[in-house]
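**Q** Need the 3D shape of this:
(one chain, ligands or ions: 1)
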Amino acid sequence: MSAELRGKTALVTGGTSGIGRAVVEHLAEVGMQVAFCGRDAERGASVAAASGASFIRSDATDRDDCDRSVEQAASLLGGRLDLFVGCAAMIFAAPLGSTPEPIFRELVEVNLTATFRYSRACFEVMRRQGRGVITHVVSDAALRGIHHIPAYSVTKAGVLALSETLAAEAAPHGVRVNAICPGAVFPGMQTTPEGYEHHAEDASTWGSAPSGRHGTGRDVSNAVLWLASEAAAHVSGATLRLDGAAGVATRGVSRA
Ligand SMILES: NC(=O)c1ccc[n+]([C@@H]2O[C@H](COP(=O)([O-])OP(=O)(O)OC[C@H]3O[C@@H](n4cnc5c(N)ncnc54)[C@H](OP(=O)(O)O)[C@@H]3O)[C@@H](O)[C@H]2O)c1
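**A** Here you go, the predicted structure:
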């Protein structure tokens, strides 16, 4: 799976942190040429130094930045774009009744509208090539609204619909589009409209799924690699739940 991806090209949004960083590092490790986006120049430089990938500083709330980043990535990567991974997002934890409208709008802008913009621009490059893979890192919150993160859940449900509808449009052009829906991935999302939140470094303080553990960035990057590979050649419009069975567990009832 990895060998066939060597030399192929990828653009990853949200590559400066967490899951996106893990994806950038894994793709680079298997020999792909990778460009990644984010706002934070210091973290971008650190990921670039660790992986050899190219950092493109961009703010997903800026429409021109999104289009420019895709153009810059295609140019840095020799004119081809084999894979786009949409990972950039932010979270806001408050009941809907206490969610200020500007914050709701910002989440829609970053999580949904920017994913639309990047995907549309990448699809245009891939349509011309006659092949390509788009993978959206969504969330289990898209599959069932999670009550303490309602604004985030709404945006992620939108990204899932974007993924499915683009898959149908893109399939005749040789482009596959899929969604990965992780459950809780340690150390959790850090990016909020109010800045970065830092969570406990100790994984043992995290709840786990029925599989007995929380997810990792590597779990997600493994799924990204599989979806990009020929083994997934007929997989498009799919939603891959990646949560160690947390979403299908029977709550409060032991079946032992
Ligand atoms: N961690 C989890 O438990 C979990 C579970 C399910 C799904 N997910 C999904 O996985 C993805 C990554 O989550 P994570 O845990 O890695 O979160 P994270 O550590 O907070 O990383 C978020 C990334 O998004 C980028 N980003 C945020 N706002 C941006 C903006 N305006 N412009 C450009 N980039 C922006 C950040 O880059 P800069 O700050 O450098 O701009 C950062 O690289 C998200 O789509 C999230 O919804 C996470």
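
**Q** Relative to S69, how far out is the closest residue to D140 other than its chain neighbours?
**A** Closest residue to D140 apart from its sequence neighbours, by CB to CB, 6 or more residues apart in numbering: G183 at 4.7 Å. To be clear about C-beta, it is placed using only N, CA and C from the backbone, and glycine gets the same treatment. Remark: distance between G183 and S69 (CB to CB, to the nearest Å) = 29 Å.

**Q** quick one, which of the two is more surrounded?
**A** S69 (25 against 21; other CB atoms under 10 Å).

**Q** Run a quick check on R80 versus Q129, I expect a contact.
**A** Yes. In this structure R80 lies within contact range of Q129 using CB atoms under 8 Å: 6.5 Å.

**Q** Could you check stretch 115-131 and say which residues are buried?
**A** Judged by neighbour count (16 or more other CB atoms under 10 Å), stretch 115-131 contains these buried residues: 115, 117-119, 121-123, 125-127, 129.

**Q** Name the residues of the chain found near the ligand, please.
**A** Residues of the chain found near the ligand (CB under 6 Å from any ligand atom) are 14, 16-20, 38-40, 43, 59-61, 87-90, 110, 137, 139, 182, 184-185, 188-191.

**Q** which residues does T115 contact?
**A** Applying CB atoms under 8 Å, 6 or more residues apart in numbering to T115 gives the contacts 13, 86, 88, 136, 159, 162.

**Q** Tell me which residues of stretch 165-173 come out buried.
**A** Residues of stretch 165-173 classed as buried by neighbour count (16+ other CB under 10 Å): 166-167, 170.

**Q** of all the residues you listed, which comes closest to the ligand?
**A** L166 (16.4 Å; CB to the nearest ligand atom).
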